[in-house]
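Participant: I would like the atomic coordinates for the input below:
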Amino acid sequence: MTTLPPISFELFPPRTPEAAAKLPDVVCQLAEAKPLYFSVTHGAGGSDQDGTYETLLTVARSCGAEAAPHLTCIGSTRQKIGSLLDRYREAGVKRIVALRGDLPATAYSSAAPGEFHYANELVAFIREEHDDHFKIEVAAYPEMHPQAPNADADFDNFRRKVDAGADGAITQLFYNADAYVDFVERCQKAGIKIPITPGIMPVTGFANTVRFCAGCGADLPRWIKLRLEALQDDKSALLDFGLAVVSRLCETLLKNGAPGLHFYTINQADPSLRLWANLSIAAEARA
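Facilitator: Model prediction:
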């Protein structure tokens with residue numbers, strides 16, 4: 001039997017009572033794939049940190065899996081971040097996804113509010129306060145962060161996060177495998193050795209896929225965009241096409257040495273589980 005690399009799933013705090021009621025079932029379904037952990041997002045500036053904590057508890061109660069909160073530092077203070085870290089440690093959290101966070105609409109990177117300005121400062125603070133208790137994941141951008149002035153500056157920002165003590169990285173979503181391969185090769189040449197896990201966004205619609213890519217600066221290949229646009233009124237055909245495209249992407253990434261896969265679930269179980277089933281079937285066929 002061929003063993004696939006580890007996977008992880010991203011959740012976000014439910015925004016309605018109805019969504020909160022459905023989340024335990026979603027977590028239980030996803031847990032059947034035996035993920036390494038669930039990451040849990042929160043709003044810009046820590047606006048949804050209580051929701052993050054409640055979602056962590058939902059994961060623990062539903063399936064007992066490891067949960068990793070996203071922790072952003074923009075607009076925050078050392079005291080507030082320190083309190084959150086203490087709270088997470090007391091709750092048994094052993095992994096943190098450390099991020100700068102989105103800048104407020106009125107702010108610029110050179111004048112970011114709060115005591116932290118960049119993610120590397122957050123990583124260094126976590127290490128200062130808790131040594132190696134937390135495994136720290138950071139963000140990586142194979143196609144460049146949309147707010148970076150150029151690719152070299154973006155890569156230097158990533159290197160600073162690694163030098164500050166990051167254990168691993170999760171990439172922003174992408175649909176171009178070459179972008180990931182090139183980024184990893186660049187890291188290897190620079191002596192960066194932490195595992196870089198691809199972030200995988202299942203394709204579930206035309207409009208939302210275009211929106212997700214536009215929001216994070218990811219390239220959506222023209223041929224994929226045109227096919228999705230043509231299929232947008234045929235939900236079943238669109239889902240089958242999206243499944244095939246992203247399954248091939250995952251296969252290519254794993255063949256090129258990706259250490260695992262991190263699925264952006266949008267709090268839905270079926271799209272990610274269909275992808276994982278496809279990959280498992282392909283792995284069995286090769287065994």
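
Participant: low-confidence ranges in the stretch 151-287 of the chain?
Facilitator: Along the stretch 151-287 of the chain, the parts satisfying pLDDT under 70 run over 282, 284-287.

Participant: mind listing the helices for it?
Facilitator: 151-164, 177-189, 206-216, 222-231, 235-255, 270-286 (DSSP state H, counting those that start in this stretch).

Participant: check contacts around residue 190.
Facilitator: Taking CB atoms under 8 Å, 6 or more residues apart in numbering, we find residue 190 in contact with 155, 159. In this view, the C-beta of every residue, glycine as well, is placed from N, C-alpha and C.

Participant: go with 10 Å
Facilitator: Shown in contact with residue 190 (CB atoms under 10 Å, 6 or more residues apart in numbering): 155, 156, 158, 159, 162.

Participant: And those, which of them are buried?
Facilitator: 155, 158, 162 (16 or more other CB atoms under 10 Å).

Participant: what's the closest non-adjacent residue to the second one?
Facilitator: Read it as residue 158. Excluding the flanking residues, the one nearest residue 158 by CB to CB, 6 or more residues apart in numbering is residue 140, at 5.8 Å.

Participant: Could you check the pLDDT of the one you found?
Facilitator: pLDDT, residue 140: 98.

Participant: Return the set of residues that bridge with it.
Facilitator: Under DSSP bridges, the beta-bridge partners of residue 140 are residue 171.

Participant: Is it in contact with residue 171, as I believe?
Facilitator: Yes - under the criterion of CB atoms under 10 Å, residue 140 lies in contact with residue 171, with a separation of 4.6 Å.

Participant: Counting neighbours, go ahead and name the busier of those two.
Facilitator: residue 140 (27 against 23; other CB atoms under 10 Å).

Participant: Please give me every residue in contact with the more buried one.
Facilitator: 154-155, 158, 161-162, 166, 168-172, 180, 183-184, 187, 192, 194, 196-199.

Participant: ok, now residue 150?
Facilitator: 144, 156.

Participant: separation between the residue nearest to residue 238 when sequence neighbours are not counted and residue 273?
Facilitator: Among residues not flanking residue 238 along the chain, residue 231 sits closest, at 4.1 Å (CB to CB, 6+ apart). With distances taken as CB to CB, to the nearest Å, residue 231 is found 21 Å from residue 273.

Participant: what do you get for residue 100?
Facilitator: 31 Å.

Participant: Can you pick out the residue with more neighbours from those two?
Facilitator: When residue 100 and residue 273 are compared for neighbours, residue 100 comes out ahead with 23 against 18, by other CB under 10 Å.

Participant: per-residue pLDDT, that one?
Facilitator: At residue 100, the predicted lDDT confidence score is 91.

Participant: how about low-confidence regions in the stretch 1-150 of the chain?
Facilitator: Applying pLDDT under 70 to the stretch 1-150 of the chain flags the ranges 1-2, 43-49, 103-113.
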